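Novice: Have a look at this prediction, sequence included:
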Protein chains: 2
Amino acid sequence: MKNKYNGIYQELANRIKDGMYQPLEKLPSEHELVEEFEVSRETIRKALNLLAQNGYIQKVRGKGSVVLEVGKFNFPISGLVSFKELANKLGKESSTKVHELSIIHPDRYLMNQLKANEQSEIWKVVRVRKIDNDRIILDKDYFLKKFVPSLTKDICEDSIYEYLEKELNIKISFAKKEFFVEQATEEDKELLDLQMYDSVVVVKNYVYLNDASLFQYTESRHRPDKFRFVDFARRQT
Amino acid sequence: MKNKYNGIYQELANRIKDGMYQPLEKLPSEHELVEEFEVSRETIRKALNLLAQNGYIQKVRGKGSVVLEVGKFNFPISGLVSFKELANKLGKESSTKVHELSIIHPDRYLMNQLKANEQSEIWKVVRVRKIDNDRIILDKDYFLKKFVPSLTKDICEDSIYEYLEKELNIKISFAKKEFFVEQATEEDKELLDLQMYDSVVVVKNYVYLNDASLFQYTESRHRPDKFRFVDFARRQT
DNA sequence: TAGTGGTCTAGACCACTTA
DNA sequence: AAGTGGTCTAGACCACTAC
């Protein structure tokens, strides 16, 4: 752990997960934590703020930091979790089939979404995700080629994110997601096991790099009964 | 504005919204902001962190803080925005009809959701939200009565949140939301103008107070074509 | 009154980017 | 080398909660 406050955050989070600090009880006071970890109070406070942001504790002025129930706030699909991470977390049988992997030039819609121009080269990756033997999710990914020179079917079947982060050392920094429900298209019906459903949940995802440049646009189409999103929101002060 | 850093955050956010700082350009450096606002650097940094959290800027080490164009998108349904705030923001014709307002004792499902027992008294509020003359949203709210002694039809038709915050001075602090798609029930079909749709988007909302006690459980049922959720997620360091 | 968290300061050193 | 943001410190004062 590079940073002190990050290390302290991890340590305290583990203690909560391990039950050393029980839900509805209080954490040691900031002053006590200062003594235990031998750092300044602002450093402890950074760690506590991380815990609060991630739903581990609630700070109450004049009282202390109350531990929240953990399981409840450990969201299955919040933030920027990849399909692989998610499937692992849920312990589900899952697989990925690459349906298309090609380099295209953008049409007007894509130019707009990716802020590219007609000459831009773009990776198009279409993947079908199986969970428990049903084809549940249709993922269409578009990357700007200038960021990702090469891409193979094997990589796409594994985890593109792992490849980008570990091999290419591309740093993903933030994303904007948008959800809505849409009528299923012919393509959806063909590539997914939609059963009696005639609509899909569409998640549009815009992924940005560390320097704030738009890097990827993804459209993810889910069978409605298998879609679920959890959000933890803190009211602005 | 009570806090310095909050005031500075508001001021900088306004400058971005007003276009004084343009997207993809950089904010003044932290040092320059220290001089302008005559505060310490940590205070400036708190303001900048708020801007980053809310999608206004992206901080880049060694370079500066880049203004994002995403910031302008003031997400329609992110965080804890009430129906009234939302309708106002979108400038839509909207109204609320109270369908039921009563005090009940919880069944097993509600006892579980609200962590209440059989003796608890609970406000049940059922409201139908019209947008552009269609009944689009069915809201079922459950409050623990011990927190909200009195509640009238008028209040429910206006904004319950405004009443709670301004009149009762109840401080809402954080919430967990959960979304999924469900088959429409008979009640949905009766109370909403579902047209040809036979499913609804369900949003379950658990609202907590400052002291981390669960205060309200809400189930919000939307006609699928009128539902949309936007999320801004920052990757953990 | 004592203890808690919330804000704020004036420095310091570091890692990274740009020139 | 100069400028940027990232981390960290050792204090200070305040507002709120509990007793």
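Specialist: That came through, no problem. Residues are numbered from 1 along each chain as shown, chains lettered A, B, ... in the order given.

Novice: By mean pLDDT, which helix or strand of chain A comes out lowest?
Specialist: helix A:70-73 (a mean of 51; mean pLDDT, DSSP states H and E).

Novice: Which parts of chain A belong to which domain?
Specialist: Split into domains by automatic domain parsing, chain A comes to A:4-67, A:73-230.

Novice: Mind telling me which of those the model trusts least?
Specialist: Ranked by mean pLDDT, those bottom out at domain A:73-230, with a mean of 84.

Novice: Surely A:Glu25 is in contact with A:Val66?
Specialist: Yes. Between A:Glu25 and A:Val66 there is a contact under CB atoms under 8 Å: 7.4 Å. C-beta: built from backbone N, CA, C; applies to glycine.

Novice: what do those two both touch?
Specialist: Here A:Glu25 and A:Val66 have no joint contacts, going by CB atoms under 8 Å, 6 or more residues apart in numbering or on different chains.

Novice: helices or strands up against the helix or strand where A:Tyr161 lies?
Specialist: Following DSSP states H and E, one finds A:Tyr161 within helix A:160-162. Based on contacts counted as 3 or more CB pairs under 8 Å, 6 or more residues apart in numbering or on different chains; DSSP states H and E, there is no element that helix A:160-162 packs against.

Novice: Which is the succeeding secondary structure element to the helix or strand harbouring A:Tyr206?
Specialist: If you go by DSSP H and E, A:Tyr206 is part of strand A:199-209. Heading C-terminal from strand A:199-209, the first helix or strand you meet, by DSSP H and E, is strand A:214-222.

Novice: starting at the chain centroid, how far to the helix or strand just after that next one?
Specialist: Counting by DSSP H and E, the element after strand A:214-222 in chain order, helix or strand, is strand A:229-234. Mean-position distance between strand A:229-234 and its chain equals 13 Å (CA atoms, centre = their mean, to the nearest Å).

Novice: what does chain A have sitting close to DNA strand C?
Specialist: A:27, A:29-32, A:41-42, A:45, A:48, A:59-65, A:237 (CB under 7 Å from any atom of the strand).

Novice: Keep only these that also lie close to DNA strand D.
Specialist: A:Arg41, A:Glu42, A:Val60, A:Arg61, A:Gly62, A:Lys63.

Novice: how close does the last one get to B:Asp211?
Specialist: Shown here: A:Lys63 relative to B:Asp211, a distance of 8 Å by CB to CB, to the nearest Å.

Novice: Same check on the fourth one?
Specialist: The gap separating A:Arg61 from B:Asp211 is 10 Å, by CB to CB.

Novice: circling back to that earlier point, would JSON lines of the domains of chain A with distance to B:Val230 be doable?
Specialist: Listed next are the domains of chain A as JSON lines, based on distance: least, CB to CB, whole Å:
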{"stretch": "domain A:4-67", "distance to B:Val230": "19"}
{"stretch": "domain A:73-230", "distance to B:Val230": "5"}
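
Novice: Mean neighbour count added to those, as CSV?
Specialist: Formatted as CSV, the domains of chain A follow (neighbours: other CB atoms under 10 Å in any protein chain shown):
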stretch, mean neighbour count
domain A:4-67, 16
domain A:73-230, 16
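
Novice: Show me where chain A has its helices.
Specialist: A:4-17, A:30-37, A:41-53, A:70-73, A:83-90, A:108-114, A:153-157, A:160-162, A:186-191 (DSSP state H).

Novice: can you put those helices in a markdown table and add distance to B:Glu186?
Specialist: Compiled in a markdown table, these are given as follows (distance: least, CB to CB, whole Å):
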| stretch | distance to B:Glu186 |
| --- | --- |
| helix A:4-17 | 42 |
| helix A:30-37 | 53 |
| helix A:41-53 | 41 |
| helix A:70-73 | 31 |
| helix A:83-90 | 32 |
| helix A:108-114 | 40 |
| helix A:153-157 | 44 |
| helix A:160-162 | 44 |
| helix A:186-191 | 28 |
